[in-house]
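Student: what's the 3D shape of this:
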Amino acid sequence: MVILDRKYTLAMGIEYHGSAYHGWQSQADESLPTVQAAVERALSMVANEPIKIICAGRTDRGVHGSGQVIHFKTDSERDQRAWLFGSNSNLPRDVRVLWVKPVVNDFHARFSATSREYHYLICNQEVRPALWHDSVAWEYHPCDINAMQEAATHLVGRHDFSAFRGSGCQANSPVRCVEELTLWRDGDIICLKVRANAFLLHMVRNIAGTLIHVGRGMETPNWVASVLESRDRRQAGKTAPGGGLYLTTVVYPERFLIPSSSMPPLIHALVQKDPTRRDL
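Tutor: Numbering: from 1, shown residues only. Sure thing, here's the model as predicted:
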């Protein structure tokens, strides 16, 4: 006897400010707020059934997302408008569903993705910022952006990133392929963009902390190559704060027709200054 799967598969784009959350992933201690738990509660209310979601990338505590993608299966028939506005009416104000669309059953928010892109923002000025205190990292020592970019070139390509891997990482392999790692400055803001096939726990924050170390003149750019080769987390810089990190883009094969990601206004303005952009 053949049992037919009559569930619908839906994908959604999620935007969130992570400062109030203990990361994306639901915790065993349900008193700890997480983005996943907030989204699942909202979707379950719309569906009138329990909903479990899969995301493209699990972000750390305090990290933000403008391009997060999820998928879930449901028996409930709702139109896209009902999913969109119904979900948002049940979400806290720092989490929003940006779009929703039905997808083929073999779509997987995590495993179908071909690459992910993060932006890391550093406010490099003498005084700690007030308005953006939980939206950017702060480094009061002057940073040499040219030295940071030179150091970053050592991390592009396929490497063992054990030296930039968080201690609680559960990935089977530390090998990742960094396709792009670019930095530029706009006034007091340094923007770091990194794109890779996938990331290890705390990998982007550890890279940012290491590049800040170089920017301050504490090490030369070539030091980063030796850190990478050591495969020893103790050799790298400290983990940079979560508040400066944004998951901005997840890329999928065209056949899935996943909408393009949006960006927060601050990052969007900085991206216009990105020297690697080809459409300027």
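
Student: which SS class is E180?
Tutor: Secondary structure state of E180, per DSSP: H, G, I helix; E, B strand; the rest coil, is strand.

Student: how deep is it tucked in, by neighbour count?
Tutor: Using other Cβ atoms under 10 Å, the number of residues around E180 comes to 13. Where you see a C-beta, it was placed from the backbone N, CA and C, and this is true even at glycine.

Student: OK, contacts around it?
Tutor: If you count contacts by Cβ atoms under 8 Å, 6 or more residues apart in numbering, E180 has them with 156, 193-195, 276.

Student: Of the residues you listed, keep whichever come out buried.
Tutor: By neighbour count, with 16 or more other Cβ atoms under 10 Å, the contacts of E180 hold 156, 193-195 as buried.

Student: Please enumerate the helices of this structure.
Tutor: Counting by DSSP state H, the chain has helices at residues 35-47, 80-89, 145-152, 203-215, 223-230, 265-271.

Student: Could you give the number of residues near the closest residue to L211 other than its chain neighbours?
Tutor: Spatial nearest neighbour of L211, excluding adjacent residues (Cβ to Cβ, 6 or more residues apart in numbering): M148 at 4.6 Å. With neighbours defined by other Cβ under 10 Å, the count for M148 comes to 25.

Student: Can we start the residue count at 28 from this point?
Tutor: Understood, numbering begins at 28; the last thing we discussed is M175.

Student: and M175, what does it touch?
Tutor: By Cβ under 8 Å, 6+ apart, the contact list for M175 reads 210, 217, 238-239, 241-242, 248.

Student: Do you know the pLDDT at the residue nearest to T266 when sequence neighbours are not counted?
Tutor: The shortest distance from T266 to any non-neighbouring residue, by Cβ to Cβ, 6+ apart, is to R232 (4.9 Å). Looking at R232, its pLDDT reads 97.

Student: Verify the stated contact: R232 with P268.
Tutor: Yes: counting by Cβ atoms under 8 Å, P268 is a contact partner of R232 at 7.5 Å.

Student: higher neighbour count, these two?
Tutor: R232 (26 against 19).

Student: any low-confidence regions in the stretch 78-227 of the chain?
Tutor: Within the stretch 78-227 of the chain, no stretch has pLDDT under 70.

Student: so L182 sits right up against A235, yeah?
Tutor: No: using Cβ under 8 Å, L182 is not in contact with A235; the gap is 11.2 Å.

Student: returning to that earlier point: compare the contacts of M175 and tell me which has the most neighbours.
Tutor: Compared across the contacts of M175, L238 has the highest neighbour count, 29 neighbours, by other Cβ under 10 Å.
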